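Q: this is a predicted model, with the sequence first.
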Amino acid sequence: MNIRIAEEADVETIALYDMHISRNELANLIGLGRVHIAEENGVFVGWMRYNMFWDNTPFMNMLFVLDRFRGKGAGKALMKNWERIMREAGFRCVMTSSQQDEYAQHFYIEQGYSAVGGFLPHGGEPYEIIFSKAL
């Protein structure tokens, strides 16, 4: 598994799958080095992207692995790589979130994250659980 920082040329590939962000904002995050790509033998496997919560705490907004590659460690590799980079950058904590009806919440707990709160979004979406992990 190869994990690398996304490049401008990756916008089109990620945009095929990531409907939660505009292409312009995705390009901005790639320019900031905040999108990481997982590849297996040169084949796109998935990605993660993050931003800053309260302008000072890394918050993983998206972790996605293509269906055919799930269960093979790509998500864990992306997360561990990101955590290492954040630790080396001097951050002491990282955060993420998951809807209560998504499997991701169990994955985050398995990776050492703790639920620290949540909220009920507008529009009838499921409860969003906020997770935190000390580095």
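A: Thanks, I have the structure now. Numbering: from 1, shown residues only.

Q: quick one: residues contacting the nearest residue to residue 10 once chain neighbours are set aside.
A: Excluding the flanking residues, the one nearest residue 10 by C-beta to C-beta, 6 or more residues apart in numbering is residue 37, at 6.0 Å. Bear in mind the C-beta positions are built from the backbone N, C-alpha and C, glycine included. Residues in contact with residue 37 (C-beta atoms under 8 Å, 6 or more residues apart in numbering) are 3, 4, 5, 6, 10, 14, 44, 46, 47.

Q: in the protein, spot the strand with the most residues.
A: Under DSSP state E, the strand in the chain containing the largest number of residues is strand 43-53.

Q: need the contact partners of the helix ranked longest in the chain.
A: Selection of the longest helix in the chain by residue count, based on DSSP state H, yields helix 74-88. Helix 74-88 is touched from outside by 1, 3, 36, 38, 40, 45-48, 50, 58, 60, 63, 65, 94, 107, 111, 133, 135, with contacts defined as C-beta under 8 Å, 6+ apart.

Q: can you pull out the strands in the protein?
A: 2-5, 35-40, 43-53, 57-65, 93-99, 114-119, 128-134.

Q: off-centre distance for the shortest one?
A: Between the mean C-alpha location of strand 2-5 and the chain-wide mean there is a distance of 13 Å, by C-alpha atoms, centre = their mean, to the nearest Å.

Q: buried ones in it, by neighbour count?
A: For strand 2-5, burial by neighbour count (16 or more other C-beta atoms under 10 Å) applies to residue 3.

Q: which helices and strands sit right next to that strand?
A: strand 35-40, helix 74-88 (3 or more C-beta pairs under 8 Å, 6 or more residues apart in numbering; DSSP states H and E).

Q: quickly compare those and say which is most buried.
A: strand 35-40 (a mean of 20; mean count of other C-beta atoms under 10 Å).

Q: re earlier: reformat the contacts of residue 37 as TSV; add pLDDT and distance to residue 127.
A: Shown next, in TSV, are the contacts of residue 37 (pLDDT from 0 to 100; distance: C-beta to C-beta, whole Å):
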residue	pLDDT	distance to residue 127
3	98	31
4	98	34
5	97	33
6	98	30
10	97	32
14	97	27
44	97	32
46	98	25
47	98	25
